[in-house]
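Visitor: how would this look folded up:
(one chain, ligands or ions: 1)
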Amino acid sequence: MAQQTIESLYEQALVRKSQPEESSYTNYLYTKGLDKILKKIGEESTEVILGAKNTNDELIYETADLLFHLMVLLVEKGVSLDDIKNELGSREGQKSRLHERQNWRVEE
Ligand SMILES: N=c1c2ncn([C@@H]3O[C@H](COP(=O)(O)OP(=O)(O)OP(=O)(O)O)[C@@H](O)[C@H]3O)c2ncn1[C@@H]1O[C@H](COP(=O)(O)O)[C@@H](O)[C@H]1O
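Guide: Residues are numbered from 1 along each chain as shown. Below you'll find the model as predicted:
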């Protein structure tokens, strides 16, 4: 089965930004602007929640939709995948500190 990486999904969204194509859904979103993209993120997030309550097939489908729209949002805002990876990397090995900050430690 063909697979797509997050990196290539981001790259496609980046290319659409610099080289728009008429029939592109990605370009439709850029043309509509940030509020439209944010609305889609909200919708797709809700659909992930509903999918998770239903079947794993639905969860997978809706998660793919959400990841696509997140990549479009990052490109629209000029945030790179490396920015996200650096943020995630900075959290490695700092679990207890993060838990303390967010105050969600499981009660013993
Ligand atoms: N991964 C995706 C992807 N996931 C979801 N979608 C689109 O996201 C939309 C979500 O569906 P909805 O029913 O929520 O939205 P809609 O009713 O079609 O439209 P609106 O609500 O936004 O008005 C659908 O039109 C899907 O086609 C995607 N569109 C594109 N990609 C990737 O982006 C690449 C470039 O696509 P284009 O920009 O369209 O050429 C493609 O080759 C794909 O790899």
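
Visitor: Contacts for the helix or strand in which V72 is found, please.
Guide: With secondary structure defined by DSSP states H and E, V72 is part of helix 56-77. Residues from elsewhere that reach helix 56-77, judged by Cβ atoms under 8 Å, 6 or more residues apart in numbering: 6, 9-10, 12-14, 17, 26, 29-30, 34, 37-38, 40-41, 44-45, 47-48, 50-52, 80-81, 83-84. All C-beta spots, glycine's among them, are computed from the backbone N, C-alpha and C.

Visitor: Narrow the residues you listed to those that are buried.
Guide: With neighbours counted using 16 or more other Cβ atoms under 10 Å, these contain these buried positions: 9-10, 12-14, 26, 29-30, 37, 40, 44, 47-48, 51, 81.

Visitor: Now the two most distant members of those.
Guide: With Cβ to Cβ as the measure, no two of the buried ones among the contacts of helix 56-77 lie farther apart than L14 and G51, at 27.3 Å.

Visitor: Up against the ligand, what does the protein have?
Guide: Residues of the chain lying close to the ligand by Cβ under 6 Å from any ligand atom are 12, 16, 21, 24-27, 40, 65, 68.

Visitor: now those residues as TSV including secondary structure?
Guide: Putting these into TSV (DSSP: H, G, I helix; E, B strand; the rest coil) gives the following:
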residue	secondary structure
Q12	helix
R16	helix
E21	coil
S24	coil
Y25	helix
T26	helix
N27	helix
K40	helix
D65	helix
F68	helix
